[in-house]
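Colleague: fold the following for me, if possible:
(one chain, ligands or ions: 3)
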Amino acid sequence: MWCHRLSHLQSRLQDLLRGRVTHWALQQSNFKSLFPLAIYWHHTASKSLNCVWQQHEDHFELQYANNVMRFDYVWLRDHCRSASCYNSKTHQRSLDTASVDLCIQPKTIHLDETTLFFTWPDGHVTRYDLDWLVKNSYEGQKQKVIQPRILWNAEIYQQAQVPAVDFQTFLETKEGLKNFLQNFLLYGIAFVENVPPTQKHTEKVAERISLIRETIYGRMWFFTSDFSRGDTAYTKLALDRHTDTTYFQEPCGIQVFHCLKHEGTGGRTLLVDGFYAAEQVLQKAPEEFELLSKVPLKHEYIENVGECQNHMIGVGPVLNIYPWNKELYLIRYNNYDRAVINTVPYDVVHRWYTAHRTLTRELRRPENEFWVKLKPGKVLFIDNWRVLHGRESFTGYRQLCGCYLTRDDVLNTARLLGLQA
Ligand SMILES: C[N+](C)(C)CCCC[C@H](N)C(=O)O
Ligand SMILES: O=C(O)CCC(=O)C(=O)O
Ligand SMILES: [Fe+2]
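Modeller: Ligands and ions are numbered 1, 2, ... in the order given. Alright, predicted model coming up:
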């Protein structure tokens, strides 16, 4: 932003020569204090408001409600909520951001009660409520989590005694739905019980909270151990903990399981909170956590069984975190479907394997394993971006039905019910 600084400095020097300096602290003679523009802190008249601000050369600084916030001038112009810049009916920006001068600076700034007024060089006025700025500042967001969660191991989950919601209550009441979603958001798993054991009823349950995500497995799927598809899921073999569809660019957000029938032994479902395990890695070996969040890998699904021919590739790190607050939002963990690692130099690969081992060790701790036998009538929702699932090998005839859900639509439902998601 040199254009900014130079032109500003020039006009300041001109002001100095003409003796038109207003907010210029001449008594401060050290070099550093001469050049940053704003030396002058503006205090509010009312002491109770406790707000001070300063107009710097390239940003606006605001201290309010125990926050120190810095705002870029283009940002301040871009977020203008005036009628000509923002359509409050559609909640969409009308302003063409590309028309804003990247060196823009306000001509004047003033505070009236709790509203800041920025007057721009063309005379346009932007107003911001102080609380809106606090809520929407980077500094404010950085300290907030996007989604509150309760991380669990088997004991924590069992002690929490999270109730399952009844089928009728879930379908017919807003509270039933809201309680269910709140638990799902907090723990990453939730159950609906007393569901008639059919595919149609399972679909109804799924549709109560989201659109169903159709994939190569269909919309609603129904499977047994007939190897009708080229994947170990369609056998009687045990499956170690994993998340599904790691080979999609966006892995499916939620998985719904309903066991419609099992005449035989074994076949219990294993659930592990991947975020709890990742948190242990962060505590014990932060540099390994960081590596797992930085190294991108491929997962792959290659199928060639009968009519089913598919080749899916998804790329991304094992741990996905928001860069501004480091919050974990997606774990991609499937050792069966992990593709050849060919995107990483050998020395990083070795460190990656070490980090992956640390995470695997945490995921495999028996105290982190929650085992449950799925029974007809009990529908399980799993946050496939957080909780890993697996199964014990089994004997006999076992039918499972379910579907994947689009994460956006589940969160949409939750937000409309007033939940933080
Ligand atoms: C659930 N359903 C049986 C339809 C699909 C199974 C997908 C299995 C695959 N290995 C994965 O983990 O993504
Ligand atoms: O058979 C099961 O219980 C689950 C298999 C599985 O991992 C899947 O279908 O995604
Ligand atoms: Fe799976």
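Colleague: thought L374 was touching H258?
Modeller: Yes: if you go by Cβ atoms under 8 Å, L374 and H258 touch, sitting 7.4 Å apart. (Glycine included, C-beta is placed from N, CA and C.)
Colleague: burial measure for the closest residue in space to L411 that isn't next to it in sequence, as a count.
Modeller: Distances taken as Cβ to Cβ, 6 or more residues apart in numbering place A421 nearest to L411, at 4.4 Å, with adjacent residues excluded. A421 has 18 neighbours, counted by other Cβ atoms under 10 Å.
Colleague: would you confirm that A421 contacts Q147?
Modeller: Yes: contact criterion Cβ under 8 Å: A421 and Q147 qualify, at 5.7 Å.
Colleague: need the overlap of contacts for those two.
Modeller: L185 (Cβ atoms under 8 Å, 6 or more residues apart in numbering).
Colleague: the bottom helix or strand of the protein by mean pLDDT?
Modeller: helix 31-34 (a mean of 42; mean pLDDT, DSSP states H and E).
Colleague: measure the residue nearest to L411 to ligand 2 for me?
Modeller: Distance, A421 to ligand 2, using Cβ to the nearest ligand atom, to the nearest Å: 24 Å.
Colleague: ok and the residue in the stretch 151-300 of the chain nearest ligand 2?
Modeller: A233 (3.9 Å; Cβ to the nearest ligand atom).
Colleague: circling back to that earlier point, looking at L374 and H258, which one has more neighbours?
Modeller: Each of L374 and H258 has its neighbours counted (other Cβ under 10 Å); H258 has more, 28 against 21.
Colleague: shouldn't that one be within a strand?
Modeller: Yes: counting by DSSP: H, G, I helix; E, B strand; the rest coil, H258 is part of a strand.
Colleague: which pLDDT value belongs to it?
Modeller: pLDDT recorded at H258 is 98.
Colleague: quick check: it vs L297, distance?
Modeller: H258 sits 32 Å away from L297, going by Cβ to Cβ, to the nearest Å.
Colleague: cool, and C103?
Modeller: Separation of C103 from L297 (Cβ to Cβ): 42 Å.
Colleague: those two: which is more packed in?
Modeller: Taking neighbours as other Cβ under 10 Å, C103 and L297 compare with L297 leading, 21 against 16.
Colleague: excluding chain neighbours, what is closest to that one?
Modeller: Computed as Cβ to Cβ, 6+ apart, the closest residue to L297 that is not its neighbour in sequence is I341, at 5.9 Å.
Colleague: what's the answer for L181, then?
Modeller: The nearest residue in space to L181 (Cβ to Cβ, 6+ apart) is A414, at 4.7 Å.
Colleague: same question, L116
Modeller: Spatial nearest neighbour of L116, chain neighbours left out: Y128 (4.8 Å); criterion: Cβ to Cβ, 6+ apart.
Colleague: was I right to think that neighbour contacts D112?
Modeller: No: counting by Cβ under 8 Å, Y128 sits too far from D112 to count as a contact (11.4 Å).
Colleague: so between those two, which is more surrounded?
Modeller: In this view Y128 and D112 are compared by other Cβ under 10 Å, and Y128 has more residues nearby, 21 against 10.
Colleague: now for the more buried one: which residues touch it?
Modeller: Each residue near Y128 by Cβ under 8 Å, 6+ apart is listed here: L76, H79, R81, T115, L116, F118.
Colleague: and the gap between it and ligand 1?
Modeller: Going from Y128 to ligand 1 by Cβ to the nearest ligand atom gives 47 Å.
Colleague: and that residue, what pLDDT?
Modeller: Y128 carries a pLDDT value of 98.
Colleague: if we can go back for a sec, next, the residue of the stretch 151-300 of the chain closest to ligand 2: phi, psi?
Modeller: phi -60, psi -30 (degrees, to the nearest 10).
Colleague: quick one, phi/psi of R351?
Modeller: Backbone torsions of R351, given as degrees, to the nearest 10, read phi -60, psi -30.
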